[in-house]
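Engineer: Make a model of this:
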Amino acid sequence: MRILSIDWGEKRIGLALSEGSFAEPYGVVSSFEELHQVVKKEGVDQVLLGLPEGKHEKQVRELSKRIKKELKIPVRLRSEVLTTQQALEKAIESGKSKKARRTLDALSAATLLQEYLDERERVRRPPRTT
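Structural biologist: Alright, predicted model coming up:
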């Protein structure tokens, strides 16, 4: 199953794709039309949409409805609290320059997706007994 993770922002929409059990930053788009092109090009089966707290929550919920209606693919909403901060910390730790950190939106989407994939994997695998 190919999953596209979205970190929505007013100016940029960060994207990440699942590669098996790993999340890879994909890039940034700025419109629904560009998002639609990515969904078609990459054969996306499901969208994981980061749900912010506060004033943007309503906009993200509307985007979720639009994706379901127009792109006809399932959407899961998932809290994105702290994903941007986690992505920034990872970028700094890996030595990325400030210019390279402009892809922070895609890194946030990848962080969100990796957490989801890891949780899904833990649910599938029963705990080891010794």
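
Engineer: Now Q114: phi and psi?
Structural biologist: When read as degrees, to the nearest 10, the backbone of Q114 gives phi -60, psi -40.

Engineer: least trustworthy helix or strand in the chain by mean pLDDT?
Structural biologist: Least confident helix or strand, the chain: helix 83-93 with a mean of 62, by mean pLDDT, DSSP states H and E.

Engineer: which strands and helices sit next to the helix or strand where S64 lies?
Structural biologist: Following DSSP states H and E, one finds S64 within helix 57-66. Packing contacts for helix 57-66, counted by 3 or more Cβ pairs under 8 Å, 6 or more residues apart in numbering; DSSP states H and E, involve strand 46-51, strand 75-79. For glycine as for every other residue, the C-beta is placed from the backbone atoms N, C-alpha and C.

Engineer: Return the set of buried residues in it.
Structural biologist: The neighbour-count check on helix 57-66 (16 or more other Cβ atoms under 10 Å) flags 60, 63-64 as buried.

Engineer: and of those, the nearest to L77?
Structural biologist: Nearest to L77 among the buried residues of helix 57-66 is S64, at 6.0 Å by Cβ to Cβ.

Engineer: Compute the distance between the closest one and V75, please.
Structural biologist: According to Cβ to Cβ, to the nearest Å, S64 stands 5 Å off from V75.

Engineer: For the two, list the residues in contact with both.
Structural biologist: Here S64 and V75 have L49 as joint contacts, going by Cβ atoms under 8 Å, 6 or more residues apart in numbering.

Engineer: which stretches of the protein have low pLDDT?
Structural biologist: 81-102, 125-130 (pLDDT under 70).

Engineer: Give the full set of residues in contact with K11.
Structural biologist: S30.

Engineer: Equivalent analysis for R12, please.
Structural biologist: 28-30, 105 are the contacts of R12 under Cβ under 8 Å, 6+ apart.

Engineer: Please check those residues and keep the buried ones.
Structural biologist: The neighbour count (16+ other Cβ under 10 Å) marks 28-29, 105 as buried among the contacts of R12.

Engineer: For stretch 45-60, what is the distance to the chain centroid?
Structural biologist: On the basis of Cα atoms, centre = their mean, to the nearest Å, stretch 45-60 sits 10 Å off its chain's mean C-alpha point.
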